[in-house]
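[1] My questions are about this predicted structure, shown below with the sequence.
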Amino acid sequence: MKIASVINLLEKTLGAPKQKRDAPNPVDLLVATLLSQNTNDHNSHRAYANLKRIFPTWEDALGASTKKIASAIRVGGMAAQKSKRIKEILHTIRDRYGSIDLTSLRRMEISQAMEELQTLKGVGKKTAACVILFSFRKPIFPVDTHIHRILNRVGIVRTKTPEKTFDAMQSLVPPQKMYSLHTNLIRFGRMVCKAQNPLCGACVLYDLCEYQDKEKFALSREGKKGDSEKVHFMLLDNV
């Protein structure tokens, strides 16, 4: 099966990533994932760190104005929109569960937890799946735009949106490999299978890949692959 070959080749090239022992708090993870939208991991991590420094508890953040929250997360971009969304979500969580705490969702089945998380305004499949994988440590395969792009190029799926790719991939990835493949595809997308000018000539998946322009880009065997720290830094592993 092609997906098994992709998993093995990426692990041989990039290693088999392991999650840290202590799972992050689900509200922390949820907010960090929201901050990661439309920016890179380093800027979103700075925004998250600033937010936690200025507001040590989520009750502190909920009691603050959206302007103060926006000021704290400005480095991550789209601060006005994200600050409003964060405050709305914190308010909903407290009203629904009695405190700003999502740990009760850990006891739910994956499908039920997905539905519950997606009732929070602005939380889609990717964000909900990240909370379940990273905080609840349950087998689910989150899909962002980069993972969607790579899986379609390789020919694992033929889908039009990340949401459709998410739906298609849940039955294809072995549960014990969901974290590994998610992490390695993000790293691989930063290093080789870039949105623009992919380094197809340096791609370990080249023989498996069905990307129609791979021969054209195969001449780019060597290229600037980016700073190693930036390639391997994963925001959600540092929450």
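    Arrived safely.
[2] care to break the protein down by domain?
    By the assignment in automatic domain parsing, the chain contains the domains 2-18+141-237, 26-135.
[3] what's the least confident stretch among these?
    For these, mean pLDDT drops lowest on domain 2-18+141-237, to a mean of 90.
[4] Straight-line length of that domain, end to end?
    End-to-end distance of domain 2-18+141-237: 27 Å, with Cα to Cα, to the nearest Å as the criterion.
[5] how far out from the middle of the chain is that domain?
    Relative to the centre of its chain, domain 2-18+141-237 is centred 13 Å away, using Cα atoms, centre = their mean, to the nearest Å.
[6] oh, and call the first residue 17 from now on, that's how I've got it
    All set: I'll call the first residue 17, so the last point we hit is now domain 18-34+157-253.
[7] Dump the domains of the chain into a markdown table; add mean neighbour count as well.
    Heads up, the C-betas are built off the backbone N, CA and C, glycines and all. Compiled in a markdown table, these are given as follows (neighbours: other Cβ atoms under 10 Å):
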| stretch | mean neighbour count |
| --- | --- |
| domain 18-34+157-253 | 17 |
| domain 42-151 | 18 |
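[8] which is the next helix or strand following the longest helix seen in the chain?
    In the chain, assigned by DSSP state H, the helix with the most residues is helix 95-113. Counting by DSSP states H and E, the element after helix 95-113 in chain order, helix or strand, is helix 126-134.
[9] counting contacts, what elements does that next one pack onto?
    Packing contacts for helix 126-134, counted by 3 or more Cβ pairs under 8 Å, 6 or more residues apart in numbering; DSSP states H and E, involve helix 141-146.
[10] so where do the strands sit in the protein?
    Counting by DSSP state E, the chain forms no strands at all.
[11] which stretches of it form helices?
    Per DSSP H, the chain carries helices over the ranges 18-30, 42-51, 57-70, 74-78, 82-89, 95-113, 126-134, 141-146, 161-170, 178-185, 194-207, 230-233, 244-248.
[12] Now do the same contact list for Gly92.
    By Cβ atoms under 8 Å, 6 or more residues apart in numbering, the residues touching Gly92 are Leu51, Thr55, Asn59, Ser60, Arg62, Ala63, Tyr64, Lys98.
[13] Distance-wise, check the closest residue to the second one other than its chain neighbours relative to Val220.
    Going back to what we said before, that points to Thr55. Using Cβ to Cβ, 6 or more residues apart in numbering and skipping the chain neighbours, the partner closest in space to Thr55 is Gly93 (4.6 Å). Per Cβ to Cβ, to the nearest Å, Gly93 is found 33 Å from Val220.
[14] just Glu125 next, same as before
    Separation of Glu125 from Val220 (Cβ to Cβ): 36 Å.
[15] re earlier: any idea how far the longest helix of the chain is from the chain center?
    Relative to its chain's centre, helix 95-113 lies at 20 Å (Cα atoms, centre = their mean).
[16] which residues sit against that helix?
    Contacts for helix 95-113 (Cβ under 8 Å, 6+ apart): 43, 46-47, 50-51, 53, 63, 74-75, 77-78, 82-83, 85-87, 89, 92, 116-118, 120, 136-139.
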